[in-house]
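Trainee: Quick one, structure for this:
(one chain, ligands or ions: 2)
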Amino acid sequence: MAEHSTHSATALLELHVNGSRHVLPLDLRTTLLDALREHLGLYGAKKGCDQGQCGACTVHVNGRRSLACLSLAIAHQQDEITTIEGLQQNGALHPMQQAFLEFDGFQCGYCTPGQIMSAIALLAEAAGHPLSPAEIRERMSGNICRCGAYPNIVEAIQHVQEAAK
Ligand code: FES
Ligand code: FES
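Mentor: Numbering: from 1, shown residues only. Ligands and ions are numbered 1, 2, ... in the order given. All right, here's what the predicted structure looks like:
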């Protein structure tokens, strides 16, 4: 696609989000983040920097964490996308959501959905290998919290890690 092009092309794109299939007429340049927020009304994933620097837009793509601001919706038609809205099971919070509440893992809450999505994927990546607080901090370093809730976030993740043993 030429960078200087002023034309926009629209197509019907299929997205699978939180277990539901959606077919949406989207500009082909629509990012996954904008598709989720502006077209599906899923506002959990936040637009912080819109350039891959803050982690606020973290979602799961086929179970792995991914920055929704950095990819185009069209590239995800075959994928299973999960947002923070998709974590609840029968009205019950995911254990990581519960732990963030219990350990005060947030203040303003802006970064929180991204932190939680990243934290869940992080423990899946570790595949049962226990992570030290330093390792958790390192592997969560792509998720910025302007409120500095980091110590409590690490505690919340440690708690879920312990509980899964
Ligand atoms: Fe995607 Fe900041 S909004 S990384
Ligand atoms: Fe405010 Fe993290 S809780 S930015």
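
Trainee: so L33 touches G55, yeah?
Mentor: No: under the criterion of C-beta atoms under 8 Å, L33 makes no contact with G55, lying 12.0 Å away. C-betas here are computed from N, CA, C, even on glycine.

Trainee: domains of this structure?
Mentor: As given by automatic domain parsing, the domain ranges for the chain are 10-84, 95-163.

Trainee: Say whether ligand 1 is contacted by the shortest one.
Mentor: Put plainly, it is domain 95-163. No: with C-beta under 6 Å from any ligand atom as the criterion, ligand 1 is not reached by domain 95-163; the gap is at least 7.7 Å.

Trainee: about what we covered before: indicate which one of the domains of the chain is closest to ligand 2.
Mentor: Ranking these by proximity to ligand 2 (C-beta to the nearest ligand atom) places domain 95-163 first, at 3.3 Å.

Trainee: tell me the mean pLDDT over that closest one?
Mentor: For domain 95-163, mean pLDDT is 97.

Trainee: That one and ligand 2, are they touching?
Mentor: Yes: Domain 95-163 lies within reach of ligand 2 by C-beta under 6 Å from any ligand atom, at F106, Q107, C108, G109, Y110, C111, T112, C145, R146, C147, A149.

Trainee: next one: phi and psi at the third one?
Mentor: The one in question is C108. The phi/psi pair for C108 (degrees, to the nearest 10) reads phi -70, psi -20.

Trainee: again, but for the second one
Mentor: When quoted as degrees, to the nearest 10, the phi and psi of Q107 stand at phi -120, psi -80.

Trainee: got a list of what it touches?
Mentor: With contact set as C-beta atoms under 8 Å, 6 or more residues apart in numbering, Q107 has these partners: C147, G148, A149.

Trainee: Would you map the strands across the protein?
Mentor: Counting by DSSP state E, the chain has strands at residues 10-17, 20-27, 58-61, 64-67, 80-82.

Trainee: JSON lines for those, including mean pLDDT and distance to K47?
Mentor: Compiled in JSON lines, those are given as follows (pLDDT from 0 to 100; distance: least, C-beta to C-beta, whole Å):
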{"stretch": "strand 10-17", "mean pLDDT": "97", "distance to K47": "17"}
{"stretch": "strand 20-27", "mean pLDDT": "97", "distance to K47": "16"}
{"stretch": "strand 58-61", "mean pLDDT": "98", "distance to K47": "12"}
{"stretch": "strand 64-67", "mean pLDDT": "98", "distance to K47": "11"}
{"stretch": "strand 80-82", "mean pLDDT": "98", "distance to K47": "16"}
